[in-house]
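*Asks:* just need the structure, nothing else, for what follows:
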Amino acid sequence: MRRSRGRTIALNATALGVFAVMIFPVYWMVATGFKRGQDIFSDPPVWFPWHPTLSNFTDAVHHAHFWASVKNSIVIAVAVVLLSMVLAFLAALAIAKFGFYGRRAFIVLIIAVQMIPLTALIIPIFLVLSKANQVDKLTGVIVTYLTFVLPFTIWTLRGFMLGVPKDLEEASMVDGTTRFGAFVRVLLPLVGPGLVATSIFAFIQAWNEFIMAYVLLHSPEKQTLTIWLAN
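*Replies:* The predicted structure follows:
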């Protein structure tokens, strides 16, 4: 009994330690946002903002091109999420529910694309977009982001769709529902959590991406928020 209790205490202490290590960067980021300039770079460090200020936020909001960068990031992220969800959902549905020639090769290709590092494709992507006159345009960045977001979203949604028993769709069709009705009333609601999860991932990827946006967007009024912060 004592050994079991001691083990529980040790596990809880370990979990609290891991949680503290994981949450500390978030706390430090938030606390630094409210610190004065002299407190941010002080030695020894100031662990808590004893004299909180909002000047860091007001300076950023009133800085040149801030709101334009926010708008560009929102436009790119929302466009990538909407397009990737539509394309990935249809592709995942075809892979999970239908048998066609080259299905296994397509699945292997999806996995292989995710293994290619982004930095290895910067020059080819830039040359292709340059020939298409899409450099320094938001549309070019959106298309570029889609090429990297789609493989993961297709693979993730495929897993969710494989988890939906085919018998449910067949049962609804036996009750008089059409195939499209079974898709809308049975499959779509059950895959809803997968759509939410993959859309969040796509949004985070499009919002946080820096390298491709830095290479493709040159004009200050077209840069994303990540580039604005770096500059």
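
*Asks:* phi, psi for the closest residue to A68 other than its chain neighbours please.
*Replies:* Among residues not flanking A68 along the chain, E221 sits closest, at 5.2 Å (CB to CB, 6 or more residues apart in numbering). Quick note: C-beta positions are derived from backbone N, CA and C, even for glycine. E221 has phi and psi values of phi -80, psi -10 when expressed as degrees, to the nearest 10.

*Asks:* sec struct for P52, please.
*Replies:* Three-state assignment for P52 (DSSP: H, G, I helix; E, B strand; the rest coil): coil.

*Asks:* oops, could you answer that again for I111 instead?
*Replies:* In three-state terms, and counting by three-state DSSP, I111 is helix.

*Asks:* contacting residues around stretch 80-97?
*Replies:* Stretch 80-97 has contacts (CB atoms under 8 Å, 6 or more residues apart in numbering) with 100, 103, 106-107, 142, 145-146, 149-150, 153-158, 160-162, 166, 187, 191, 195, 198-199, 202-203, 205-206.

*Asks:* buried residues in it, which are they?
*Replies:* Within stretch 80-97, the residues scored as buried using 16 or more other CB atoms under 10 Å are 80-81, 83-85, 88-89, 91-96.

*Asks:* between those residues, which sits nearest S69?
*Replies:* V80 (16.4 Å; CB to CB).

*Asks:* secondary structure element holding the closest one?
*Replies:* Using DSSP states H and E, V80 sits within helix 66-97.

*Asks:* next, count neighbours for F210.
*Replies:* 13 (other CB atoms under 10 Å).

*Asks:* I misspoke; the intended subject was A206.
*Replies:* 25.

*Asks:* that one and S84: what is the separation?
*Replies:* 9 Å (CB to CB, to the nearest Å).

*Asks:* mind listing the shared neighbours of these two?
*Replies:* In contact with both A206 and S84: V149, using CB under 8 Å, 6+ apart.

*Asks:* ok, and the closest non-adjacent residue to Q134?
*Replies:* Counting by CB to CB, 6+ apart, G140 is the residue found nearest to Q134 once chain neighbours are left out, at 3.1 Å.

*Asks:* quick check: pLDDT value at that neighbour.
*Replies:* If you check G140, the pLDDT there is 87.

*Asks:* quick check, it in contact with L216.
*Replies:* Yes: between G140 and L216 there is a contact at 5.7 Å, judged by CB atoms under 8 Å.

*Asks:* any common contacting residues for these two?
*Replies:* L129.

*Asks:* show me the contacts for T8.
*Replies:* T8 sits next to no residue when contact means CB under 8 Å, 6+ apart.

*Asks:* tell me which element it falls in.
*Replies:* Secondary structure from DSSP H and E places T8 in helix 2-33.

*Asks:* how far is that helix from where the chain is centred?
*Replies:* With CA atoms, centre = their mean, to the nearest Å as the basis, helix 2-33 stands 26 Å off its chain's centre.

*Asks:* which SSE is immediately downstream of it?
*Replies:* helix 37-40.

*Asks:* from the chain's centre, how far out does that following helix sit?
*Replies:* 32 Å.

*Asks:* helices or strands up against it?
*Replies:* Contact partners of helix 37-40 among helices and strands, from 3 or more CB pairs under 8 Å, 6 or more residues apart in numbering; DSSP states H and E: none.

*Asks:* how close does I204 sit to F152?
*Replies:* Per CB to CB, I204 is found 11 Å from F152.

*Asks:* these two - which one has more neighbours?
*Replies:* Under the neighbour definition other CB under 10 Å, I204 and F152 were set side by side, and F152 has more, 19 against 13.

*Asks:* the more buried one is in what secondary structure piece?
*Replies:* Per DSSP H and E: F152 is located in helix 138-162.

*Asks:* fine by me, we can end here.
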